[in-house]
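K.L.:
No sequence on hand, only this structure:
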């Protein structure tokens, strides 16, 4: 490995063409995976705050019986947009932000496989998010806002029952977002399969990269199902096909099957990135490699695979019959096994370690602890007869918030604390961080744990109000108070980010003494990531280099409960020069590093693509040609899209 | 079955018991947490509330509840075990001073990993077996029944139709939201919808069953004790999903037939102001024709509804014996004359978005007309009064009466039991 340091180093590292233009132009045309990652992250946090605000309005409405803060229509819009926003505009893109920024660094690549496609994915995501939320402002405020719930059960979404453009915004918004997700997923898959540095074998990839790969596969396999469903629904609404209308010979249950064939893998699309994140954080702050690496990889893969075979557990109350229900109960329970293994392996990683409870570690361990609650209530839902009582009640609401907040959001906040130094070169404030964690932990549990009780007391979800005599007042009050504590903790988090950007302590390349390759780059990394593409010989290359994990084994017997259970080696610290880090940070030499040029064509194509969808929402600007109504905005959109793609393909090779 | 998971836990416990101090702290914390949880839980379930499914009142609901208890205790054991392991590990292996040596670099342990794969698998098997047996048992139960009741989910109320009973009689009774069944008998509910999806849920009697257009689902319910059981819609069905409540009154069989007969007798009446009234026929104000455009009253002869309006009279709830119902607007309002008046005057203010509001707005009727209408609607009861069949014989000690909007407080007049009879504040209008 020592030879890496002696390789020729580049002198010039600037992207060759770009003249000095404004910073805005720089961001608009960037195709650097790190900048795109930051764009994703900032947008996702913005939408996260929007969704959180909607949640607080929901909780405020439910604080007491027969409250009138918002009316029923607004309430329905709020929970629909809250769910849709959190899933498609907050948690998914925030995960993608880390896929973008971290994954190429972890595999020793200089960018993703298709940098322009990557930019296209981002812009399409952003415009899709804006399109969805534009519904608030169309025709007054609140305008024609999606109001049918985030899983949009037909026929409530059909024209007959939902005649405004609310559902059109939802359908078209999600179709646009789907294109972004699938393009991104294919990009990451190709990147991981083809662009790993020498020596980064599949089984040496960090678990976060593994989860990126598997989530990407899940995305491009699951999204076609919802795309089909949305297309059929759009056909029903625009053309009157009646796929989901019983009166027209269609079947509302068809929607549910198609939706959940996507919808359940989607749950894993939301949670597996967080699992990947904490599989990086826990080893780092335990100063131990991940316990059972191979099994962790298999567990992610098993969860993803089984995730496609459980969709009907969302439909246990639709009368599928005992045989089908039994099969889906069994397959659902199966998923608990690999999930449980992951939990135990994380604890195993901490066991015998030297734990440092930084904020990142607190959120990571918090995830392990809180996700268990969501996992256990999930098993309860697999017990079909019990599910017939719990389905569509607040018990389910409690369950999936333990999974999505206690799981995904805890993991993603941990990821921000962990990788913030890498993004910005500054540390986040740990004192604020600890306040942030404990207030989040308190607020989160106070908000969502009482929902279990509400579920047991028979409160269905999506009720805009309730009467005193229902017996739901007390826990709703507690839950609402908790929600506002949670809201405050999130503001504290945002404040911490803002402050640390200005005044955070300077971070070196590897402030946490972590073992994975992204920490070999400077903080923030140079535009080319690695001056020399490193050769990797170990799963935790930085630790291997620093502590010599391979050679200096000092055998130690591990005993648990008096029984010998394994062997380990205890390396000495500081035995070696840090040659790997020296190599990737060096910037002297003569070689030219080739990086692709910035391009505005992805942005143009994304604008065109979004206009195609926008045009379908505004009938009044149609220009009839003969008897044929032609939506003019859509037509313009198609032209811009085609123009963008043509320009994109004709760009000179860099 | 508890024994197995106990073993798994014991192993963890034993293996970690080397540091007494840390252990004691964790145990104290754990004990505190459990006490806190118990106190919280005690606050939550002091008495069964009307929609609670942890106080079941039918064999089906009891089956489900005992299954729930099994899963709950197993989950609790796993929960306590895992949380203990996390907290203990976190406290025990916290990095003390800057350790010079790195901790042992363990990469895994096959034996342990196999153990913690197998234990959850065993626990899940313990859960899966009764899940499947219960599923099939309930599936078979739904195939035979004493009485079949057809329930149609509407936006946002329930149409209830009684056809053939267990003795082959054609009952021919139609009502809304207030379902009566003979206690101790199995009633099969045939669930249908011609609009959107709903879900029929009476938590204390049974799990829910979706009501799906184009499908006919069934649910079997056998209430063991007489009483009133509260039901609600559990699948989001549009703007007034929250107010699509209903009740199942389980009553002794003779009382049930008393009610059936009273329903069959209907409320003979007419809006014709000129004819001589035959015996037993009531004269309704002319404005009643507006109502009859969408609503039906059994036995109400001689009215064709509004001239030119031939909407099916099944569009709205059947109003036969309306005065005997304890709630109106699908559980939103207690059935008092004042509430009835507010409801007819401004249905869109009370229940925004409901279909009656497309026909009636404040000002549609004058005050005088409203008084007449309410007075007439209050006569929609059997000649002998409601007591004979409305009776809620032992309801008082079976259900928590409280002041649930839908629950009659004692039958005597409680003017306004809901805080807001007047329009619930509403952004929309």
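P.N.:
Okay, I see it. All values reported here derive from a predicted model rather than from experimental measurement.

K.L.:
since we're on residue 336, how many residues are nearby?
P.N.:
This is for chain A. Residues lying near residue A:336 (other C-beta atoms under 10 Å in any protein chain shown) number 22. Any C-beta I mention is one placed from the backbone N, CA and C, and that applies to glycine too.

K.L.:
I was thinking of chain B, sorry if that wasn't clear
P.N.:
Residue crowding around residue B:336 was assessed by other C-beta under 10 Å; the count is 21.

K.L.:
what does residue A:186 give?
P.N.:
18.

K.L.:
and the host helix or strand of it, what does it pack onto?
P.N.:
Following DSSP states H and E, one finds residue A:186 within helix A:166-194. Contacts defined by 3 or more C-beta pairs under 8 Å, 6 or more residues apart in numbering or on different chains; DSSP states H and E place helix A:166-194 against helix A:72-84, helix A:92-106, helix A:115-134, helix A:207-239, helix A:601-615.

K.L.:
Show me the strands in chain B, by range?
P.N.:
B:147-154, B:157-164, B:170-176, B:178-182, B:187-193, B:198-201, B:209-211, B:217-221, B:227-233, B:246-251, B:269-270, B:282-283, B:327-328, B:333-334 (DSSP state E).

K.L.:
With mean pLDDT, distance to residue B:235 and mean neighbour count as extra columns, can I get the helices and strands packed on helix A:166-194 in TSV?
P.N.:
Below are the helices and strands packed on helix A:166-194 laid out as TSV (pLDDT from 0 to 100; distance: least, C-beta to C-beta, whole Å; neighbours: other C-beta atoms under 10 Å in any protein chain shown):
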stretch	mean pLDDT	distance to residue B:235	mean neighbour count
helix A:72-84	96	13	23
helix A:92-106	97	26	28
helix A:115-134	96	24	23
helix A:207-239	96	18	22
helix A:601-615	94	29	22
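
K.L.:
So for chain B, which of those sits nearest?
P.N.:
helix A:72-84 (4.9 Å; C-beta to the nearest C-beta).

K.L.:
which helices and strands does the closest one pack with?
P.N.:
If you count contacts as 3+ C-beta pairs under 8 Å, 6+ apart, helix A:72-84 packs onto helix A:33-61, helix A:115-134, helix A:166-194.

K.L.:
contacting residues around that helix?
P.N.:
Contacts to helix A:72-84, defined as C-beta atoms under 8 Å, 6 or more residues apart in numbering or on different chains, come from residues A:51, A:54-55, A:57-58, A:61, A:70, A:132-133, A:136, A:142, A:145-150, A:166, A:170, A:173-174, A:462, A:464-465, B:236, B:238-242, B:352-353, B:426-428.

K.L.:
If burial is judged by neighbour count, which of those pass?
P.N.:
Buried residues within the contacts of helix A:72-84, counting neighbours by 16 or more other C-beta atoms under 10 Å in any protein chain shown: A:51, A:54-55, A:57-58, A:61, A:70, A:132-133, A:136, A:142, A:145-150, A:166, A:170, A:173-174, A:462, A:464-465, B:236, B:238-242, B:352-353, B:426.

K.L.:
Make JSON lines out of the strands of chain B and add mean neighbour count, mean pLDDT and distance to residue B:70.
P.N.:
Formatted as JSON lines, the strands of chain B follow (neighbours: other C-beta atoms under 10 Å in any protein chain shown; pLDDT from 0 to 100; distance: least, C-beta to C-beta, whole Å):
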{"stretch": "strand B:147-154", "mean neighbour count": "21", "mean pLDDT": "95", "distance to residue B:70": "31"}
{"stretch": "strand B:157-164", "mean neighbour count": "20", "mean pLDDT": "93", "distance to residue B:70": "33"}
{"stretch": "strand B:170-176", "mean neighbour count": "18", "mean pLDDT": "90", "distance to residue B:70": "38"}
{"stretch": "strand B:178-182", "mean neighbour count": "23", "mean pLDDT": "93", "distance to residue B:70": "29"}
{"stretch": "strand B:187-193", "mean neighbour count": "22", "mean pLDDT": "94", "distance to residue B:70": "27"}
{"stretch": "strand B:198-201", "mean neighbour count": "28", "mean pLDDT": "97", "distance to residue B:70": "22"}
{"stretch": "strand B:209-211", "mean neighbour count": "28", "mean pLDDT": "96", "distance to residue B:70": "23"}
{"stretch": "strand B:217-221", "mean neighbour count": "23", "mean pLDDT": "92", "distance to residue B:70": "22"}
{"stretch": "strand B:227-233", "mean neighbour count": "27", "mean pLDDT": "93", "distance to residue B:70": "24"}
{"stretch": "strand B:246-251", "mean neighbour count": "25", "mean pLDDT": "92", "distance to residue B:70": "27"}
{"stretch": "strand B:269-270", "mean neighbour count": "20", "mean pLDDT": "84", "distance to residue B:70": "56"}
{"stretch": "strand B:282-283", "mean neighbour count": "14", "mean pLDDT": "86", "distance to residue B:70": "57"}
{"stretch": "strand B:327-328", "mean neighbour count": "24", "mean pLDDT": "90", "distance to residue B:70": "36"}
{"stretch": "strand B:333-334", "mean neighbour count": "26", "mean pLDDT": "88", "distance to residue B:70": "40"}
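
K.L.:
who wins for proximity to residue A:201 among the ones you listed?
P.N.:
Closest of those to residue A:201 is strand B:209-211, at 49.1 Å (criterion: C-beta to C-beta).

K.L.:
what are the pairing partners of the closest one, and which direction each?
P.N.:
Each strand paired with strand B:209-211, and its direction, by DSSP bridges: strand B:198-201 (antiparallel).

K.L.:
Check what contacts the strand it pairs with and list those residues.
P.N.:
Contacts to strand B:198-201, defined as C-beta under 8 Å, 6+ apart, come from residues A:317, A:392, A:458, A:460, B:151, B:153, B:158, B:189, B:191, B:207-211, B:219, B:231-235, B:237, B:244.
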